[in-house]
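[1] I would like to see how this sequence folds:
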Amino acid sequence: MTISADIVKTLHVYQKNEITEYHIYHRLARSVSSAENKRILEQIAGDELRHYEDWKQYTQTDVGPNWIKVWWFYLICRLFGFTFGIKLMENGEENAQENYTLMQGIISEAASIAGDENEHEKALIGMLDEERLRYTGSVVLGLNDALVELTGALAGLTLALQNTGVIALTGLITGIAAALSMATSEYLSIKTEENDKNPLRASVYTGTAYLATVFVLIWPYLIFENYFFCLACTLTAAIAIIGLFTYYIAVAKDLPFKKRFTEMACLSLGVAGISFGIGFLIRQFLGVEI
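    Residues are numbered from 1 along each chain as shown. Model prediction:
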């Protein structure tokens, strides 16, 4: 079969994508502990390698993988979880399906490869069962409470106290006490429910998420002296945390990003604004000067 130089060039791109994804799935298969997950990932890796060989029949050349992409997705999976990394790769699989569909009228194998890509997606979705996602609710609880409560508290303290050292000290004490309280409440809540969650792990996830958020929000007050600048940094950090975590959940659980981000950002900033006003009124009413 004679094909044009432009088609060969396109097939080289397909080859590179297939061999790259083969190495990604193969490395992921070696890193997971579940025997079933390992089996499915190895099967998908084998399919990707077969697709590479199918395209090679037409190009008659070998193409090397994109090692940057291989290690990038592997590190994402190791750092942020298997599910998150797989979902990001799944987006690439969807693009591949569309590209292969366009090639069906020229190369017969394109239809079967597109079908395999659909099976990959179904298999991946069916195998995703990661501990950290089972405890997402606990993490969300810790993050949400810390963001709403502490941004509000710091906004109020900023205008009421107007001393970065005192604000940081007060915020840390408040934040750590609240984190312990939230972790304890989550432990008791999970223990009374009938589910497969471990109460201790749930409380650790909640408390850790809360504490991590506390330290991120308070660090400006430990470094800078201008309390208004510190508040601006804190609010910026809060928006960044909301954006990053919302994106993570949106990708891992196929949820809408914009609506959840807007809702959480408005809540945090709204509470901060109200608390800022309360801090001003309290300072004026009590006449406290620090």
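[2] Helix, strand, or coil at the closest residue to residue 178 other than its chain neighbours?
    Closest residue in space to residue 178, ignoring its immediate chain neighbours: residue 149 at 6.3 Å, by Cβ to Cβ, 6 or more residues apart in numbering. C-beta: built from backbone N, CA, C; applies to glycine. Secondary structure state of residue 149, per DSSP: H, G, I helix; E, B strand; the rest coil, is helix.
[3] hang on, isn't residue 149 packed against residue 177?
    No. Here residue 149 does not reach residue 177: they are 11.1 Å apart, not a contact under Cβ atoms under 8 Å.
[4] And the pLDDT at the residue nearest to residue 178?
    Note for residue 149: predicted pLDDT of 80.
[5] Repeat that for residue 22.
    We have a pLDDT of 90 for residue 22.
[6] re earlier: how many neighbours does the residue nearest to residue 178 have?
    Using other Cβ atoms under 10 Å, residue 149 is surrounded by 20 other residues.
[7] Report how many residues lie close to residue 254.
    Count around residue 254 with other Cβ under 10 Å applied: 10.
[8] Let me see the contact set for it.
    residue 87 (Cβ atoms under 8 Å, 6 or more residues apart in numbering).
[9] all helices for the stretch 101-250 of the chain, in order.
    Along the stretch 101-250 of the chain, counting by DSSP state H, counting those that start in this stretch, helices occupy 109-127, 131-134, 136-161, 164-192, 199-223, 227-253.
[10] ok, and residue 20, which helix or strand is that part of?
    helix 5-31 (DSSP states H and E).
[11] next one: that helix to chain centre, how far?
    Centroid separation for helix 5-31 versus its chain: 25 Å, with Cα atoms, centre = their mean, to the nearest Å.
[12] Please shift the residue numbers so they start at 222 in all later answers.
    In the new numbering, first residue 222, that becomes helix 226-252.
[13] any idea how far residue 429 is from the residue nearest to residue 399?
    16 Å (Cβ to Cβ, to the nearest Å).
[14] hang on, isn't residue 476 packed against residue 470?
    Yes. When contacts are counted by Cβ under 8 Å, residue 476 is listed as touching residue 470 (6.0 Å).
[15] And these two? Which one has more around it.
    Each of residue 476 and residue 470 has its neighbours counted (other Cβ under 10 Å); residue 470 has more, 18 against 11.
[16] wait, residue 494 sits on residue 379?
    No. Counting by Cβ under 8 Å, residue 494 does not reach residue 379; the two are 12.0 Å apart.
[17] Settle it for me: which of the two has more neighbours?
    Comparing residue 494 with residue 379 by other Cβ under 10 Å, the one with more neighbours is residue 379, at 25 against 14.
[18] Dump stretch 459-474 to PDB, restricted to CA.
    C-alpha atoms of stretch 459-474 as PDB (Å, rounded to 0.1, in the frame of the first residue of the first chain):
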ATOM      1  CA  ALA A 459      -6.000  30.500  49.900                       C
ATOM      2  CA  ILE A 460      -7.200  31.000  46.300                       C
ATOM      3  CA  ALA A 461      -4.200  29.000  45.100                       C
ATOM      4  CA  ILE A 462      -5.000  26.100  47.500                       C
ATOM      5  CA  ILE A 463      -8.600  26.100  46.400                       C
ATOM      6  CA  GLY A 464      -7.600  26.200  42.700                       C
ATOM      7  CA  LEU A 465      -5.100  23.400  43.000                       C
ATOM      8  CA  PHE A 466      -7.200  21.000  45.100                       C
ATOM      9  CA  THR A 467     -10.300  21.700  43.100                       C
ATOM     10  CA  TYR A 468      -8.400  20.900  39.900                       C
ATOM     11  CA  TYR A 469      -7.100  17.600  41.500                       C
ATOM     12  CA  ILE A 470     -10.600  16.500  42.500                       C
ATOM     13  CA  ALA A 471     -12.100  17.600  39.100                       C
ATOM     14  CA  VAL A 472      -9.600  15.400  37.200                       C
ATOM     15  CA  ALA A 473      -9.600  12.400  39.600                       C
ATOM     16  CA  LYS A 474     -13.300  12.200  40.000                       C
END
